[in-house]
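A.B. asks: Got a predicted model here, sequence first, then my questions.
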Amino acid sequence: MERFLIFLSLLLFIPTLEAKEIVVCPGCEVSSIKQAVDLANNGDTIRIQKGLYKEHDIEIIGKSLTIIGENYPVIDAEMEGTAFRIKADNFSIEGLHIKNIGTSHTSDDAAILVSRSKNFSIKNNRLSNIFFGILLERSSEGDITGNKIRSKARSQANSGNGIHIWNSKDLTIENNDIQGVRDGIYLEFANQCDIINNICRENLRYGLHFMFSDHNKYLENLFENNGAGVAVMYSKFIEMERNLFRKNWGSASYGLLLKEITDATLKHNVFEDNTIAISADNTNRIDYIENDFLSNGYAVRIRGACYNNVFKRNNFLANSFDVAYTGNINENEFLGNYWSEYTGYDLNKDGIGDVPFRPVKLFSYLVNKTPEAIILLRSTFIGLLDFSEKVSPIFTPAELTDSQPLMQKIKW
C-alpha cells in the first residue's frame, strides 16, 4: 500500500502533456505540411495558412490530428500520386484546396485516401483536377460534408470517382457538390450510410452508384444531367426519398436503375425529363409511393423478374410511356395513381375514376422489339393500335390495371 501511494504521488507531479497547435506557412519556421505532421503528436492541430504548397504523399499514420486550412491554402500534388494518405482514428481535415491528382491504372490515387480509420471528419474542402477525390476503404463512423469536387473526366477508363467508398459502414455523406468525374458517389460493400442533400451533376457515368450495399438511405439529393442518374444494384433495405432526378438523357440513360434489389422504398421523389425515369430489373418488394414522373420518355420500364412491387399514389404526367413491360405477365400492383392520359369519368364524384386504367401501350411493346419504330410515336395509326390492345390485350399484361385511378393530381 505504501508503494502504491508513493507511485500515485509521483504521477501527480508529472507535467500533463497538452495538445499543441502547429502553424504552417511559406515563411514560417514550419513551412511544409509533411514537416508539421512529423512534429505533431496525438491530439495536435495543424493550422495551414493561405499559400501554395507543392506536396504529395503526405502520410498521417496513427496520429489523431486536426488539420485546418485558412482561406483555402492550395496543396498541389503536381500530378504525382496521392495528396493525403491517412490511417488514423479521430482525425479531421477541413478547409483545404487540393488539386492536380495524377491518373494511374495501377494505384487509386486520390486527393484524400483514408484506410482503416474511424470517427473522422472531412469537410468543406475544395478538390479540383483529381483522379479520385475522397477514397475510403475499411473505415467507419465518418462524416464527409460540404466538399466541392470538380474534374474533367473524358473517358471512364481514365477517370475516377468523386467520393469512393469500399468495404465501410456508418458514414454520413452530406452537402457535397460533385461535377465532372466518372461516378459522383460510389459505394461498394458499404452499409448503414446516409447520403443526404448532395448535388451530383454532369458526371460521366452515374451521379450515385452503389453495389452490394445494404441498409442505406439517400435523401434530398439532386442528380442532374449525368450519363445516368443513379444505379442501385445487388442491394437490399434501401430508402430513397425526396430526391430529384432530372435531365439524365441518352440512348442508354435513366434517372434510376434498379437491378437485383429487394425490400426498398421510393417515396416523394421527382423524375423529370429523363430518357427512362426508372428501369427495374429483377426487383422484389419495392414500394413506390407518392412520386412524380414528369415529361420522361419512359416513366417506369419493367424488365424481367420483378415481383410484389407496389405503385401507389404516384403522379404520371405527360410521359411518352407511363409503364412499359417486356413480357405479358404482371406480378405487381398499381393502385390509386394519377395518370394524365386517363380519360375516364367519375359519376359519384368520389375522386376515383369509375373505369380502370391500363397504362401499358402496345406501342411500347413494339418499340422494345424495334427501337426504330419510335418515329411513329405521334401517328394516328399508333393511337388506333393502342386502343385495340386496351380492348383486347394480347401482347401486354391483361391484368395490369389501376382499378382506382385518381381524377386529380396528388399533392404531397
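C.D. replies: The structure has been received and is ready for your questions.
A.B. asks: number of nearby residues for T103?
C.D. replies: Burial of T103 is recorded as 13 neighbouring residues (other C-beta atoms under 10 Å). The way it works is simple: take the backbone N, C-alpha and C, and place the C-beta from them, glycine included.
A.B. asks: Pretty sure it sits against N158.
C.D. replies: Yes - here T103 reaches N158: they are 5.6 Å apart, a contact under C-beta atoms under 8 Å.
A.B. asks: so what's the residue most central in space within the chain bridging to?
C.D. replies: With distances taken as C-alpha atoms, centre = their mean, the residue of the chain nearest its centroid is L208 (2.9 Å). Note on L208: beta-bridge partners I185, V230, judged by DSSP bridges.
A.B. asks: Check what pLDDT it gets.
C.D. replies: Note on L208: pLDDT of 97.
A.B. asks: List the residues that contact it.
C.D. replies: 183-186, 195, 198, 200, 218, 221, 223, 229-231 (C-beta atoms under 8 Å, 6 or more residues apart in numbering).
A.B. asks: what about 10 Å?
C.D. replies: 163, 173, 178, 183-187, 195, 198, 200, 218, 221, 223, 226, 228-232, 240, 243, 256 (C-beta atoms under 10 Å, 6 or more residues apart in numbering).
A.B. asks: Find residues that contact each of T103 and N158.
C.D. replies: With C-beta under 10 Å, 6+ apart as the test, T103 and N158 both reach F131.
A.B. asks: just the strands in the stretch 251-400 of the chain please.
C.D. replies: 256-267, 270-272, 276-289, 292-294, 298-302, 310-312, 315-317, 321-325, 333-335, 338-339 (DSSP state E, counting those that start in this stretch).
A.B. asks: Can I get those strands in TSV including distance to G250 and mean pLDDT?
C.D. replies: Compiled in TSV, those are given as follows (distance: least, C-beta to C-beta, whole Å; pLDDT from 0 to 100):
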stretch	distance to G250	mean pLDDT
strand 256-267	12	97
strand 270-272	15	98
strand 276-289	10	96
strand 292-294	18	98
strand 298-302	13	94
strand 310-312	25	97
strand 315-317	22	98
strand 321-325	17	90
strand 333-335	27	96
strand 338-339	26	98
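A.B. asks: got a markdown table for these, with mean neighbour count and distance to V114 too?
C.D. replies: As requested, these are exported to a markdown table (neighbours: other C-beta atoms under 10 Å; distance: least, C-beta to C-beta, whole Å):
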| stretch | mean neighbour count | distance to V114 |
| --- | --- | --- |
| strand 256-267 | 20 | 27 |
| strand 270-272 | 21 | 33 |
| strand 276-289 | 21 | 33 |
| strand 292-294 | 23 | 37 |
| strand 298-302 | 26 | 38 |
| strand 310-312 | 18 | 39 |
| strand 315-317 | 23 | 42 |
| strand 321-325 | 25 | 42 |
| strand 333-335 | 19 | 44 |
| strand 338-339 | 22 | 46 |
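A.B. asks: For I122, find the nearest of these.
C.D. replies: When the strands of the stretch 251-400 of the chain are compared by C-beta to C-beta, strand 256-267 sits nearest I122, at 27.2 Å.
A.B. asks: Can you dump the C-alpha atoms of stretch 179-197 in PDB for me?
C.D. replies: Output in PDB follows, covering the C-alpha atoms of stretch 179-197 (Å, rounded to 0.1, in the frame of the first residue of the first chain):
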ATOM      1  CA  GLN A 179     -19.200  17.500 -61.000                       C
ATOM      2  CA  GLY A 180     -17.100  16.200 -63.900                       C
ATOM      3  CA  VAL A 181     -15.900  12.800 -62.600                       C
ATOM      4  CA  ARG A 182     -16.800   9.200 -63.500                       C
ATOM      5  CA  ASP A 183     -19.300   8.500 -60.700                       C
ATOM      6  CA  GLY A 184     -20.200  11.300 -58.300                       C
ATOM      7  CA  ILE A 185     -20.600   9.000 -55.300                       C
ATOM      8  CA  TYR A 186     -19.700   5.300 -55.500                       C
ATOM      9  CA  LEU A 187     -20.400   2.700 -52.800                       C
ATOM     10  CA  GLU A 188     -19.400  -1.000 -52.800                       C
ATOM     11  CA  PHE A 189     -19.800  -3.200 -49.700                       C
ATOM     12  CA  ALA A 190     -20.800  -0.100 -47.800                       C
ATOM     13  CA  ASN A 191     -23.600  -0.400 -45.200                       C
ATOM     14  CA  GLN A 192     -25.600   1.900 -42.900                       C
ATOM     15  CA  CYS A 193     -24.700   5.000 -44.900                       C
ATOM     16  CA  ASP A 194     -26.700   8.200 -45.200                       C
ATOM     17  CA  ILE A 195     -26.400  10.200 -48.400                       C
ATOM     18  CA  ILE A 196     -28.100  13.500 -47.900                       C
ATOM     19  CA  ASN A 197     -28.600  16.700 -49.800                       C
END
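A.B. asks: Now do the buried residues in it.
C.D. replies: 179-193, 195-197 (16 or more other C-beta atoms under 10 Å).
A.B. asks: Likewise for stretch 34-49?
C.D. replies: Quick answer for stretch 34-49 (16+ other C-beta under 10 Å): A36, V37, A40, D44, T45, I46, R47, I48.
A.B. asks: quick one: the fifth one from K63, how far?
C.D. replies: Pointing back at T45 there. Applying C-beta to C-beta, to the nearest Å, the value for T45 to K63 is 12 Å.
A.B. asks: same thing with the last one?
C.D. replies: Per C-beta to C-beta, I48 is found 16 Å from K63.
A.B. asks: The second one now?
C.D. replies: V37 is 7 Å from K63, where distance means C-beta to C-beta.
A.B. asks: Next: G255.
C.D. replies: 43 Å.
A.B. asks: Would you mind telling me which of these two has the busier surroundings?
C.D. replies: G255 (33 against 20).
A.B. asks: What's the per-residue pLDDT of the nearest residue to R201 once chain neighbours are set aside here?
C.D. replies: Leaving aside its sequence neighbours, R201 sits nearest to E224 (C-beta to C-beta, 6 or more residues apart in numbering; 4.7 Å). What the model reports as pLDDT for E224 is 96.
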